[in-house]
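my questions concern the predicted model and sequence given below.
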Amino acid sequence: MADLPSDLLPKVAWGKGMYIYDTDGKRYLDGSGGPATFCLGHGNEEVNEAIKAQLDRIAFGYRHHFRSDAADELQDIITEQGGGNLKHCIFTTGGSESTESCLKLALQYHAARGEMSRRRFISRQRSWHGNTLGALSVSGFLARQEPYFGSLLEVSHLSPVNTYRPPEGVAPEDVAEYCANELEEEILRLGADKVAAFIFEPVVGAAGGAVPAPDGYAKRIREICDRHGVLMISDEVMCGVGRCGTWRALEHDGVEPDIMAIAKGLGGGYLPLGAAVYTDKVADPINRVHGMPITGHTFTAHTTACAAGAAVQKIMIRDNLVARVAEEGQYLRDQLEAALGQHPHVGNIRGRGFFQGVELVEDRETKEPFAPEHKMYFRIMKASVEAGLICYPTGGNVDGVKGDQIIIAPAYNATRDELDEIVSLLVPAIDRAVASV
């Protein structure tokens, strides 16, 4: 995300639906759901009442002392919506912690099976998995990692899976097979008995700009991981829980991971909440040998946070919002294409559902990005805020240094008028940002 200096940030006062108001009374249309989090918008009265009702009973029963109805209910919802063998979960307070727990589950799984040599992780460049040291280690986001070099885990980072910017010499239609083969080659280079897991985002978020992998990629990854005894971890913190028009992002690809990180859309931003979800395959040896996963924190399965998450998920189910995202996501994409598809400085529009990315370029024909010193993503952020639009721009999406992209990720219940307003505010903000260079 493009960061404005804290003294220049407006001070939030209140919000309702898709709109947020600052203490000066200015209104902002939340076109990105904050960081792709506020899936029901702001001030939802049903969610607020569920939180208040739980607080009236008890705020938090510590998980090693008590179970709770709220946590049990949310666990059941995740199991039902996730489907397949994803029947177990550890609740967390956010995405980074969810990813960290996924990594630890993978290591504990192999330890329980007596394969202590399996300690290495493989991930991809232009990926973002979180701010804790383990999650940061498997990320491919140079600007966020640099201050911590020397203290990060040793991780193999493969090519980004991006048909708009394929690996050198690879045709777009060959990206899925090339990148899948790259994973197998790295597993063999390290030695399969050294590799714990491969972690990836089915649709890359902050580090790439809503970049979905091409059809066939995830299935090939699943086959390769199974063949070599490597666990598949799907990071769906940003792209999951309905954001891409399916509850699990990998549903689109017909694939089930061994372990999955979720957060953002799980609690809709009402309280800090996430989960590491995993299959019987992972749970069975861990429970048999260690009794339980050896991970978690004081606020794991926080009762009120789980009550908020259960309320959000029940609204999503009742109002059929995941299917709505799939349908209205196409409308949003069509509007973006109509307004920006021929823009001289828009190179690519991509994404799924209500997770759409717009990549800015200096030269549309050559795909050359703007020079990084221009900080085009920052200029777009500033121009958007001035216009009363919140979007989610980041830089370095091409090679870690160059590149500028914007994510549009509205609430799942956004109206068409609100989607149209996002586009109508975004286009002139882009033009103003470009003109400023």
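On my side now, so go ahead.

how far does stretch 278-291 sit from the chain's center?
Computed by CA atoms, centre = their mean, to the nearest Å, the chain-centroid distance of stretch 278-291 equals 26 Å.

helices of the stretch 201-350 of the chain, residue ranges please.
Secondary structure of the stretch 201-350 of the chain (DSSP state H, counting those that start in this stretch): helices at 217-228, 280-290, 303-318, 321-340.

any chance of a markdown table for those, columns mean neighbour count, distance to residue 426 and mean pLDDT?
Every C-beta, even on glycine, is put in place using the N, C-alpha and C of the backbone. Shown next, in a markdown table, are the helices of the stretch 201-350 of the chain (neighbours: other CB atoms under 10 Å; distance: least, CB to CB, whole Å; pLDDT from 0 to 100):
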| stretch | mean neighbour count | distance to residue 426 | mean pLDDT |
| --- | --- | --- | --- |
| helix 217-228 | 18 | 29 | 98 |
| helix 280-290 | 15 | 41 | 98 |
| helix 303-318 | 23 | 26 | 98 |
| helix 321-340 | 18 | 8 | 98 |
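
looking at the ones you listed, which is closest to residue 22?
Closest to residue 22 of these is helix 303-318 (CB to CB; 24.2 Å).

coming back round to it: distance to residue 84 added to the helices of the stretch 201-350 of the chain, as JSON lines?
JSON lines is the format used below for the helices of the stretch 201-350 of the chain (distance: least, CB to CB, whole Å):
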{"stretch": "helix 217-228", "distance to residue 84": "12"}
{"stretch": "helix 280-290", "distance to residue 84": "10"}
{"stretch": "helix 303-318", "distance to residue 84": "18"}
{"stretch": "helix 321-340", "distance to residue 84": "16"}
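
what's the closest of the ones you listed to residue 90?
helix 280-290 (10.5 Å).

run the chain-centre distance for stretch 223-242.
Here the centre of stretch 223-242 is set off from its chain's centre by 13 Å, with CA atoms, centre = their mean.

show me what counts as buried in it.
Going by neighbour count (16 or more other CB atoms under 10 Å), the buried part of stretch 223-242 is 224-225, 228, 230-242.

what is the least confident helix or strand in the protein?
When each helix and strand of the chain is scored by mean pLDDT, DSSP states H and E, helix 142-145 comes last, with a mean of 91.

partners of the helix or strand following that helix, with directions?
Sequence order places strand 155-158 as the next helix or strand after helix 142-145, per DSSP states H and E. In the sheet, strand 155-158 lines up against strand 120-124 (parallel) (DSSP bridges).

taking the mean pLDDT, what do you get for the partner strand?
Per-residue pLDDT over strand 120-124 has a mean of 98.

immediately after that strand, which helix or strand?
Next helix or strand after strand 120-124 toward the C-terminus (DSSP H and E): helix 133-138.

so which elements touch that following helix?
helix 95-112, strand 120-124 (3 or more CB pairs under 8 Å, 6 or more residues apart in numbering; DSSP states H and E).

ok, and what's touching the least confident helix or strand of the chain?
Contacts with helix 142-145, where a contact means CB atoms under 8 Å, 6 or more residues apart in numbering, come from 128, 131, 136, 139, 152, 395-396, 400-401.

deepest of the helices and strands packed on helix 133-138, which one?
Each of those was scored by mean neighbour count; the highest is helix 95-112, a mean of 25, by mean count of other CB atoms under 10 Å.

tell me how far that one lies from the chain's centre.
Worked out by CA atoms, centre = their mean, helix 95-112 lies 17 Å from the chain centre.

re earlier: for the helices and strands packed on helix 133-138, give me JSON lines that also has distance to residue 170.
Output for those, formatted as JSON lines (distance: least, CB to CB, whole Å):
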{"stretch": "helix 95-112", "distance to residue 170": "28"}
{"stretch": "strand 120-124", "distance to residue 170": "15"}
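
just to revisit the earlier point, out of the helices of the stretch 201-350 of the chain, which is closest to residue 61?
Of all the helices of the stretch 201-350 of the chain, helix 303-318 comes closest under CB to CB, at 5.3 Å.

run the angle between the closest one and helix 321-340 for me.
80 degrees (axes from the mean of the first three to the mean of the last three CA atoms, to 10 degrees).

now helix 303-318, how far from the centre of its chain.
Mean-position distance between helix 303-318 and its chain equals 19 Å (CA atoms, centre = their mean).

and what of stretch 125-144?
On CA atoms, centre = their mean, the centre of stretch 125-144 falls 12 Å from the chain's centre.

buried residues, it. List them.
125-132, 134-141, 144.

distance between the ends of that stretch?
Start to finish, the residues bounding stretch 125-144 are 13 Å apart (CA to CA, to the nearest Å).

any idea how far residue 429 lies from residue 377?
The spacing between residue 429 and residue 377, counted by CB to CB, to the nearest Å, is 12 Å.

again with residue 119
Distance, residue 119 to residue 377, by CB to CB: 36 Å.

list the contacts of residue 230.
By CB under 8 Å, 6+ apart, the contact list for residue 230 reads 122, 187, 192, 195-198, 224.

give me that answer again for 6 Å
Contacts for residue 230 (CB atoms under 6 Å, 6 or more residues apart in numbering) come out as 195, 198.

can I get stretch 50-63 in CSV? Just the C-alpha atoms.
Output in CSV follows, covering the C-alpha atoms of stretch 50-63 (Å, rounded to 0.1, in the frame of the first residue of the first chain):
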residue,chain,number,x,y,z
ALA,A,50,-23.6,-9.8,17.4
ILE,A,51,-20.5,-8.2,18.9
LYS,A,52,-22.4,-6.4,21.6
ALA,A,53,-24.4,-9.5,22.5
GLN,A,54,-21.2,-11.5,23.0
LEU,A,55,-19.6,-8.7,25.0
ASP,A,56,-22.7,-8.7,27.3
ARG,A,57,-22.0,-12.4,28.1
ILE,A,58,-18.2,-12.5,28.1
ALA,A,59,-15.6,-10.9,25.9
PHE,A,60,-13.1,-13.8,25.8
GLY,A,61,-12.8,-17.2,27.2
TYR,A,62,-9.1,-18.3,26.9
ARG,A,63,-8.9,-21.3,24.7
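
list just the nearest of the buried residues of stretch 223-242 to residue 163.
residue 239 (16.8 Å).

if I pick that closest one, what's in contact with it?
Counting by CB under 6 Å, 6+ apart, residue 239 makes contact with 202-203, 249, 355.

taking those one by one, which sit in strands?
203, 355 (DSSP state E).

residue 119 and residue 377: who's more crowded?
Between residue 119 and residue 377, counted using other CB atoms under 10 Å, residue 377 has the larger neighbour count: 25 against 15.

wait, doesn't the more buried one sit right on residue 404?
Yes: counting by CB atoms under 6 Å, residue 404 is a contact partner of residue 377 at 4.3 Å.

list residues touching both of those two?
Common neighbours of residue 377 and residue 404 (CB under 6 Å, 6+ apart) are residue 395.

re earlier: farthest-apart pair in the buried residues of stretch 223-242, please.
Spatial extent of the buried residues of stretch 223-242 (CB to CB) is set by the pair 228 and 242 at 31.8 Å.
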